[in-house]
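Asker: Below is the sequence, then the predicted model.
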Amino acid sequence: MKRIISFLVLTIAVSAMPSAACTSLVASGKATADGRPMLWKHRDTGAAHNYLERIPASVPGEFTYVGLFNQGDTLHREAWTGMNEVGFAIMNTASYNLAPDTAKVADREGVVMALALRKCRTVADFANMLDSLPRPMGVQANFGVIDAAGNAAYFETWDHGYKPYYIGGEGEPTALVRTNFSVSGNDSTGMGYIRYDNAHFLLDSVVEASVLTPEDCIDRASRSFYHSLIGYDVLNATPNAAWAVDQDFIPRYTSTASIVIVGVKDGENPDGTIMQARLGYPPVAEKYTVKVNDVPADLRPLLPGDRCRACAESQERKAKAFPIRRGSGKRYVDLDYIRSLQIR
């Protein structure tokens with residue numbers, strides 16, 4: 001009980017925290033149970049509503065893709081994760097310890113990912129695309145990518161360059177995690193160090209045993225209230241805590257999606273690339289399966305205001321999970337309510 005009480009009285013410097021606080025993983029087939037590469041992005045953003053949509057190729061030489069877009073982006077300018085018809089997939093996390101963005105060009109990560117989904121077939125294509133973009137690129141991000149040949153990598157990318165971290169090759173790690181700092185960046189700044197440790201605690205054992213599954217990410221890590229600094233899972237602690245301070249868990253008040261993309265093995269049909277998605281606050285969001293040619297209607301922007309049903313319903317449940325409206329009340333999550341839902 002003392003541990004629970006001490007957790008609840010942690011001070012929160014929320015005003016100093018960036019709103020884009022994503023947690024992610026890229027895994028090669030050597031880390032997964034089925035031998036296929038995998039991307040996971042747990043998205044945090046100030047944009048409360050997002051949706052998935054299939055974007056047909058508009059010109060010869062480009063690819064049809066499914067992307068995650070913010071409410072109101074009806075022109076699909078910025079994709080925040082996605083997969084295309086030839087088995088290429090991409091996501092990102094913001095990085096806060098790379099060279100600063102230039103003042104005149106910034107926040108172009110979504111534009112870069114939409115372009116990559118239209119144009120890239122392979123991880124190498126993405127590297128070539130980064131080489132070809134005009135400088136400054138207007139990005140400060142860790143881009144995670146996989147392709148239909150089984151390749152996987154992170155690209156820690158700033159205005160004038162990038163550093164790749166390839167995954168799954170000889171002497172390379174079988175999987176990597178990124179939050180909101182870059183390994184190649186300044187190690188005295190950045191964000192997301194506790195969430196980085198959370199993800200490693202939750203996923204390292206299955207990665208090392210080569211039995212990682214999509215469920216380990218989207219069903220467990222994205223809905224886990226494990227806190228590495230405190231050293232226990234507040235949702236499943238004994239005795240159960242009714243409330244928790246919303247600080248440094250993987251799911252956060254600003255979480256709006258958890259997406260896993262499972263690629264194909266080299267030589268397999270890229271049509272086998274699939275996505276699993278929970279839109280809205282992941283601990284209370286329903287899960288859907290998506291293919292490039294099959295996006296469930298609940299995930300598409302068919303409600304007024306370019307909202308999708310799945311995210312809207314999840315956000316309604318999230319409001320009940322954060323029911324205190326006065327003062328700093330929204331910093332407190334009702335764990336009993338989350339336990340009561342039992343959403344699979």
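Answerer: Great, that's in hand.

Asker: So residue 152 versus residue 264, what's the distance?
Answerer: 12 Å (Cβ to Cβ, to the nearest Å). All C-beta spots, glycine's among them, are computed from the backbone N, C-alpha and C.

Asker: who touches the residue lying closest to residue 200 once chain neighbours are set aside in this structure?
Answerer: Spatially, and ignoring its direct neighbours in sequence, residue 200 is nearest to residue 177 (6.0 Å; Cβ to Cβ, 6 or more residues apart in numbering). Contact partners of residue 177, counting by Cβ atoms under 8 Å, 6 or more residues apart in numbering, are 23, 24, 25, 196, 199, 200, 203.

Asker: hang on, the earlier thing: of residue 152 and residue 264, who's got more company?
Answerer: residue 152 (31 against 23; other Cβ atoms under 10 Å).

Asker: doesn't residue 168 make contact with that one?
Answerer: Yes: using Cβ atoms under 8 Å, residue 152 is in contact with residue 168, at 5.4 Å.

Asker: anything in contact with each of the two?
Answerer: 28, 37.

Asker: And the contacts of residue 177, which two are furthest apart?
Answerer: 24 and 200 (12.4 Å; Cβ to Cβ).

Asker: So for those two, which sits in the more crowded spot?
Answerer: Comparing residue 24 with residue 200 by other Cβ under 10 Å, the one with more neighbours is residue 24, at 27 against 14.

Asker: can you tell me how far the residue nearest to residue 200 sits from residue 106?
Answerer: Counting by Cβ to Cβ - residue 177 and residue 106 are separated by 25 Å.

Asker: Please verify my assumption that residue 137 contacts residue 105.
Answerer: Yes: contact criterion Cβ under 8 Å: residue 137 and residue 105 qualify, at 7.4 Å.

Asker: can you list residues touching both of these two?
Answerer: Common neighbours of residue 137 and residue 105 (Cβ under 8 Å, 6+ apart) are residue 159.

Asker: okay, these two: which has more neighbours?
Answerer: residue 137 (23 against 14).

Asker: if I pick the more buried one, what's in contact with it?
Answerer: By Cβ under 8 Å, 6+ apart, the neighbours of residue 137 are 105, 108, 112, 130, 157, 158, 159, 160.

Asker: Quick check: pLDDT value at it.
Answerer: On the pLDDT scale, residue 137 is placed at 96.

Asker: Could you check how far it is from residue 111?
Answerer: For residue 137, the distance to residue 111 - Cβ to Cβ - is 10 Å.

Asker: wait, doesn't residue 136 sit right on residue 159?
Answerer: Yes: contact criterion Cβ under 8 Å: residue 136 and residue 159 qualify, at 3.7 Å.

Asker: tell me, what's touching these two both at once?
Answerer: Common neighbours of residue 136 and residue 159 (Cβ under 8 Å, 6+ apart) are 101, 102, 105.

Asker: can you count the residues close to the residue lying closest to the last one once chain neighbours are set aside?
Answerer: By that I understand residue 105. Computed as Cβ to Cβ, 6+ apart, the closest residue to residue 105 that is not its neighbour in sequence is residue 138, at 3.6 Å. Applying other Cβ under 10 Å, we find 19 residues neighbouring residue 138.

Asker: which residues touch residue 138?
Answerer: 101, 102, 105, 106, 107, 108, 111, 159.

Asker: contact partners of the biggest helix by length in the chain?
Answerer: The residue-count maximum for a helix in the chain (DSSP state H) belongs to helix 193-208. Residues from elsewhere that reach helix 193-208 (Cβ under 8 Å, 6+ apart): 21, 23, 25, 27, 31, 174-175, 177-181, 212-213, 216-217, 220-221, 224, 226-229, 248-250.

Asker: from the residues you listed, which would you call buried?
Answerer: 21, 23, 25, 27, 31, 174-175, 177-181, 212-213, 216-217, 221, 224, 226-228, 248-250 (16 or more other Cβ atoms under 10 Å).
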